[in-house]
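[1] any chance you can model this:
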Amino acid sequence: MTGPAWRTRGEELLLARITAAAGREHLGKRRATYAAAAHTTHAKPSWARGIRGLPAFVRYGRLSATKGRDDARLDLYVRGMTIAVKGRILVVRYDTTSVFRTGSPHPHDAARVGTSCTLTGVGGERVVLSGRPELGDAAQWRSAIERGVTRSRLPASLAALDRGERLAFGDIWLTREKIGYGDVCAWWPQVRHLRIREEAVELDIDGRWHGPGPAVSGIPNLFVLSALVEHLGADGVC
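    Numbers count the residues shown, from 1 in each chain. Model (predicted):
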């Protein structure tokens, strides 16, 4: 959780910009700072174009495309985070971001985020984050991001289902009564578990695994989906 000592004038100015950007988006109190590697692009992916009602990210200019990965500073707040890379600031809100897993999952824990993850900023920009091997703290900041997004999204998702809305996580859909993808459809009392196997989602329905389902790389906020399945499935349905 420790980062480099920000002592130069330029570093002080960067911190001031980070703090100002977080304040404008009302991210709350800063909780932690990490170092990571980042690949940034200004191109909006297809899954980000449907995001509506988000303020345009114009205060510090759009992040320019790069072929390599640059050193980045991650500042995690109560309601979101900032990513400082090459002197520019990307703001991410937990209640609007889409987090996609990229890379291979941990060999001993298939539910863990892979070697890197892609996040969307408040204006639809995307950034791919990965850990710096010499620091070894990537699992910490990935878990912190997951917890923040889940805390923000889970109550709103459950409220939407209670209102009769249908939610979509990539090709997986949910209602208050059912979950499904492709030809698979089940009532919540039938659903026992969700797992990731060979980079695809599978559901345990009445003791039988149904898969392979959609690829995890196409599922936004997979950890929120997992929390919903845990809450609404056979062991948690109310």
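
[2] look up how far G218 lies from A21.
    A21 sits 30 Å away from G218, taking C-beta to C-beta, to the nearest Å as the criterion. Any C-beta I mention is one placed from the backbone N, CA and C, and that applies to glycine too.

[3] what do you get for L27?
    Distance from L27 to G218, by C-beta to C-beta: 28 Å.

[4] for T97, same thing?
    T97 is 16 Å from G218, by C-beta to C-beta.

[5] who has more neighbours out of these two?
    Set T97 next to G218 and count neighbours by other C-beta atoms under 10 Å: T97 wins out with 26 against 16.

[6] pretty sure the more buried one sits against V149.
    Yes: T97 is within contact range of V149, at 6.5 Å (criterion: C-beta atoms under 8 Å).

[7] could you pull out the helices for this protein?
    Remark: helices assigned in the chain by DSSP state H are 9-24, 138-162, 222-232.

[8] in the shortest one, what counts as buried?
    By neighbour count on 16 or more other C-beta atoms under 10 Å, the buried set for helix 222-232 is 222-229, 231-232.

[9] I'd like these laid out as JSON lines, including distance to H39.
    Formatted as JSON lines, the buried residues of helix 222-232 follow (distance: C-beta to C-beta, whole Å):
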{"residue": "L222", "distance to H39": "20"}
{"residue": "F223", "distance to H39": "22"}
{"residue": "V224", "distance to H39": "24"}
{"residue": "L225", "distance to H39": "25"}
{"residue": "S226", "distance to H39": "26"}
{"residue": "A227", "distance to H39": "28"}
{"residue": "L228", "distance to H39": "30"}
{"residue": "V229", "distance to H39": "31"}
{"residue": "H231", "distance to H39": "34"}
{"residue": "L232", "distance to H39": "35"}
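
[10] low-scoring stretches of the protein, by residue?
    Along the chain, segments meeting pLDDT under 70 span 1-7, 41-68, 103-115, 235-238.

[11] pop the domain breakdown of it in here.
    Split into domains by automatic domain parsing, the chain comes to 9-146, 166-232.

[12] need the strands for this structure, in chain order.
    Along the chain, counting by DSSP state E, strands occupy 30-41, 70-77, 80-85, 88-93, 99-102, 116-120, 126-130, 167-169, 172-174, 178-181, 184-187, 191-197, 200-205, 208-210.

[13] deepest of these, which one?
    When the strands of the chain are scored by mean count of other C-beta atoms under 10 Å, the highest mean neighbour count falls to strand 80-85 (a mean of 25).
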